[in-house]
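Have a look; sequence and predicted model below, questions after that.
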Amino acid sequence: MGENNTSGEERPSKRAKLPAVVVPCLGLAAVLAGCLVAYLNRDFTGWVAYAPLSNQPFSANGAAFITQGTQAGLAVAGVGLLVLSFWAGMVAGRRAGSVRR
């Protein structure tokens, strides 16, 4: 026994703790940056018209209800949310695994 009275579990090194802090911070930064980009690229101008006598279907090439900048911002925010959910799953899995041992 001596001075080391641990139950055989090794403590994580500082190197292992670093990604545990960096990953959620990167995910949160991506979510905030994506939301900021989406908010700054919003566009409120536009109109909708109805053409009752045309026999052709309406096809607006390149038309979107949100701008491409907003779409990119929402995509970055989505990636950030995926990173945060992956990190939360890893933390929950580690806690559940340590209880069963």
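Received the coordinates, thanks.

Pull the residues that contact stretch 26-42.
Applying C-beta atoms under 8 Å, 6 or more residues apart in numbering, the contact partners of stretch 26-42 are 66-70, 72-81, 83-84, 87. Every C-beta, even on glycine, is put in place using the N, C-alpha and C of the backbone.

If you could redo that for stretch 78-85, that was the one I meant.
V23, P24, L26, G27, L28, A29, A30, V31, L32, A33, G34.

So which residues of the protein form helices?
14-40, 68-100 (DSSP state H).

Ok, which of these comes nearest N55?
Closest of the helices of the chain to N55 is helix 68-100, at 31.6 Å (criterion: C-beta to C-beta).

The closest one - what's its average pLDDT?
For helix 68-100, mean pLDDT rounds to 88.

Over to stretch 41-57?
Predicted confidence along stretch 41-57 averages 68 (mean pLDDT).

start at 8 instead
Sure thing, new numbering starts at 8, so read that last one as stretch 48-64.

just the buried members of the contacts of stretch 85-92?
V30, P31, G34, A37, V38, G41 (16 or more other C-beta atoms under 10 Å).

follow-up on the earlier one: would you list the buried entries among the contacts of stretch 33-49?
T77, G80, L81, V83, A84, G87, V90, L91, W94.

I'm done for today, thanks for sticking with me.
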